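Engineer: Let's see this in three dimensions:
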Amino acid sequence: MPEPVVEVVGVYAADGGVLGELAYVVGHLLGRTECGLCDVTHGAVRRKPEWDDMAARLPVPVRLTHRNETTEGERTASAASGLPAVLGVRSDGSHTVLLGPTALGSLGGSVELFEAALLGALAAERTP
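Structural biologist: Numbering: from 1, shown residues only. Predicted structure coming up:
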């Protein structure tokens, strides 16, 4: 049985920093850029309060990062699915993809649907 997931890492399909954020916003407004994880975590201007409430209920800590801020392990794991991605970090330091871009895109920006999908993926990880 694989090691348990001890942390969840959400990797945005966007770069961090002022220029990265600006590029994403402009691209999104022009319909050239999309990120299903961004839609779940953020509203028009800032992070959704319901995201923070949901993250506090999860059985493991959640960390969000941009594609240009990822670790080597996070880059390797998310390359398998593409971005955005939600990764599980196992107790041995290995990574697994919990939710890929298709799953995240199907949530329509809903924090409630994200929570259900993530809890389902975490439960599947615990099932032998």
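
Engineer: count of residues packed around residue 102?
Structural biologist: Close neighbours of residue 102, defined as other CB atoms under 10 Å, add up to 10. Backbone N, C-alpha and C define where each C-beta goes, glycine included.

Engineer: how far does stretch 35-45 stretch from start to finish?
Structural biologist: Stretch 35-45 has an end-to-end distance of 15 Å (CA to CA, to the nearest Å).

Engineer: Average pLDDT for that stretch, rounded please.
Structural biologist: Stretch 35-45 shows an average pLDDT of 87 in the prediction.

Engineer: buried residues in it?
Structural biologist: Within stretch 35-45, the residues that qualify as buried by neighbour count (16 or more other CB atoms under 10 Å) are 35-42.

Engineer: what's the answer for stretch 86-104, then?
Structural biologist: Using 16+ other CB under 10 Å as the test for burial, stretch 86-104 gives 86-90, 95, 97-101, 103-104.

Engineer: between those residues, which is nearest residue 10?
Structural biologist: Nearest to residue 10 among those is residue 86, at 5.0 Å by CB to CB.

Engineer: Which secondary structure state does that closest one sit in?
Structural biologist: strand (DSSP: H, G, I helix; E, B strand; the rest coil).

Engineer: in its sheet, what does the longest strand along the chain sit against?
Structural biologist: Assignment by DSSP state E gives strand 5-12 as the longest strand of the chain. Using DSSP bridges, the strands paired with strand 5-12 are strand 62-66 (parallel), strand 85-90 (antiparallel).
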